[in-house]
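Trainee: Please find the sequence and the predicted model below.
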Amino acid sequence: MKNKYLDCLALFGVGGAHPGGLQLTKRILSREKIDKTKTILDAGCGTGQTSAYIAEKYQCHVTSLDTNKLMLDKARKRFLSLQLPIEVKHGSTENLPFDGELFDFILSESVISFTDVPLSLQEFNRVLKPEGVLFAIEMVQEKPIAKKELSSLLTFYGIPRLLTESEWCNLLKKSGFKHVKVEKDLQQIDEIDLELGADFTLSEDIDGNYFEILEKHQHLTEVYKDVLGFRVFRCCK
């Protein structure tokens, strides 16, 4: 296990751990023309909360991918209990196990920052259909902070860089997305909010250190609430 923060989310089985939670996801998807004919990739699906919602709401073909096997096990159990025919794949966004031009939509919720960003973006572009859409909900750096503080944040979350909005846009365009629309969600919602508080699939015998990691995450989001923001990027080829 390489990333203790992501391992923590997996052990607690946190559903909707991305900024805005399921509320934001519902709002984003409600604007799109989604029907039974569409194919959707939930990239970095976690415990499958978003995938399950999409499959139930739109009854389209959903593929759930994650690099964390524990998360995928919990997602499979969710889908089985709900009797949802969702395809589950183990794999990385940096090397997607799919043919090109396969998906109408890709949804990536607080995932790309934890990867080699250019590689993941290139792969998303590759597997999207010509008229396909990528939705990326990602953290952004709202203002500069001291190098020591930034280094501490990067180390804790296990991310290579903390990108600004303009840096995200530049990387998306370099990866082949010609049309990038950015939304700054004004209704700030904590990553683990009250609506999603019950969506935990706890593993047995969780080491006490992981409770400390969860507490530190909550502390950091409060301390750096003016530095750590997020954006919704709607990207088309």
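Mentor: Done, it's in. All values derive from a computational prediction rather than experimental measurement.

Trainee: all contacts plus neighbour counts: C-alpha atoms, from now on.
Mentor: Fine.

Trainee: Report how many residues lie close to the residue nearest to residue 61 when sequence neighbours are not counted.
Mentor: In space, and not counting its chain neighbours, residue 61 is closest to residue 39: 4.9 Å by CA to CA, 6 or more residues apart in numbering. Number of residues near residue 39 (other CA atoms under 10 Å) recorded here: 19.

Trainee: go on, the one 10 residues further on?
Mentor: The criterion is other CA under 10 Å. On that basis, residue 49 has 19 neighbouring residues.

Trainee: so who does the residue nearest to residue 61 touch?
Mentor: 60, 61, 62, 63, 102, 103, 104, 105 (CA atoms under 8 Å, 6 or more residues apart in numbering).

Trainee: State the number of residues packed around the third one.
Mentor: Other residues within reach of residue 62, judged by other CA under 10 Å, total 24.

Trainee: right, and it touches residue 45 too?
Mentor: No. Applying CA atoms under 8 Å, one finds residue 62 not in contact with residue 45, separated by 10.7 Å.

Trainee: which residues are common contacts for the two?
Mentor: Joint contacts of residue 62 and residue 45 (CA under 8 Å, 6+ apart) are residue 51.

Trainee: Please work out the average pLDDT along stretch 128-146.
Mentor: Taken as a whole, stretch 128-146 has a mean pLDDT of 95.

Trainee: same deal with stretch 105-116?
Mentor: Averaged across stretch 105-116, pLDDT comes to 94.

Trainee: Tell me how far that stretch lies from the chain's centre.
Mentor: Put simply, stretch 105-116 sits 5 Å off its chain's centre (CA atoms, centre = their mean, to the nearest Å).

Trainee: do the same with stretch 105-122
Mentor: Offset of stretch 105-122 from its chain centre (CA atoms, centre = their mean): 8 Å.

Trainee: Mind listing what's buried along it?
Mentor: Neighbour counts over stretch 105-122 (16 or more other CA atoms under 10 Å) mark 105-115, 117-118, 120-122 as buried.

Trainee: got the end-to-end distance for that stretch?
Mentor: 15 Å (CA to CA, to the nearest Å).

Trainee: go on, stretch 216-235?
Mentor: Using CA to CA, first and last residues of stretch 216-235 are 33 Å apart.

Trainee: Please renumber the chain so that the first residue is 557 from this point on.
Mentor: Yep, numbering from 557; the last one is stretch 772-791 now.

Trainee: ok, and what's touching it?
Mentor: Residues outside stretch 772-791 that contact it (CA under 8 Å, 6+ apart) are 575, 689-701, 721, 728, 733-741.

Trainee: Mind checking which of those are buried?
Mentor: Buried members of the contacts of stretch 772-791, scored by 16+ other CA under 10 Å, are 575, 689-698, 721, 728, 733, 736, 738.
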